[in-house]
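Q: Return a 3D structure for these sequence lines:
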Amino acid sequence: MKIIKKILLLLLVVFVIAQFFGPERNEGELTSITAFETETNPPEDVKLILQTSCYDCHSDVTNYPWYNKITPVNYWLADHVKHGKKHFNVSGWEANSVKKKDHKFEELIEMVEEKEMPLESYTWAHSEAKLTDAQIESVISWAKNVRLKYSLLPKPE
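A: So this is what the prediction gives:
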């Protein structure tokens, strides 16, 4: 029994020490989203959906929940953000080519239609981010209009 108490005490000490370390936070400027919103012109309902369901993981501006201060949860969240930004990042949007922007919107439509976004693991803790069928329709309609706009723009070879 003494060995179990020692192991538990050691684990507690490691857990407490780990709380002083954490990953870098994803806290950029709100202005990093402005170029994306200006170019894609989402209607107000879609803009609200983007703010509550997308930007935390797909921009340089993450609104962290209180539990992000707990290690190892903060590393798990940082990994979500890293992967989210890798696949679709609205910050720095203007640096992408028209072809890449069009492709990202093609992927956005596919992921939202198939209800793969937002991630279920995100909506567990953020129930307001779960999309209704009407919200899905709004996002897809907007995204298809953006793709139409991009299809009319010249694409350099």
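
Q: Packing partners of the worst-scoring helix or strand of the chain on mean pLDDT?
A: Lowest by mean pLDDT, DSSP states H and E among the helices and strands of the chain is helix 2-18, with a mean of 78. With contacts defined as 3 or more CB pairs under 8 Å, 6 or more residues apart in numbering; DSSP states H and E, helix 2-18 has no helix or strand neighbours. (Glycine included, C-beta is placed from N, CA and C.)

Q: Longest helix in the protein, please.
A: helix 133-152 (DSSP state H).

Q: who's in contact with the spatially most central residue of the chain?
A: Nearest residue to the geometric centre of the chain (CA atoms, centre = their mean): residue 57, 1.8 Å. Contacts here follow CB atoms under 8 Å, 6 or more residues apart in numbering; on that basis residue 57 touches 80, 81, 83, 84, 85, 118, 119, 122.

Q: and the last one, which of the three is it?
A: Secondary structure assignment for residue 122 (DSSP: H, G, I helix; E, B strand; the rest coil): helix.

Q: In terms of pLDDT, where does the closest residue to it other than its chain neighbours sit?
A: Among residues not flanking residue 122 along the chain, residue 129 sits closest, at 6.0 Å (CB to CB, 6 or more residues apart in numbering). On pLDDT, residue 129 comes in at 86.

Q: Report the separation between residue 129 and residue 144.
A: The gap separating residue 129 from residue 144 is 22 Å, by CB to CB, to the nearest Å.
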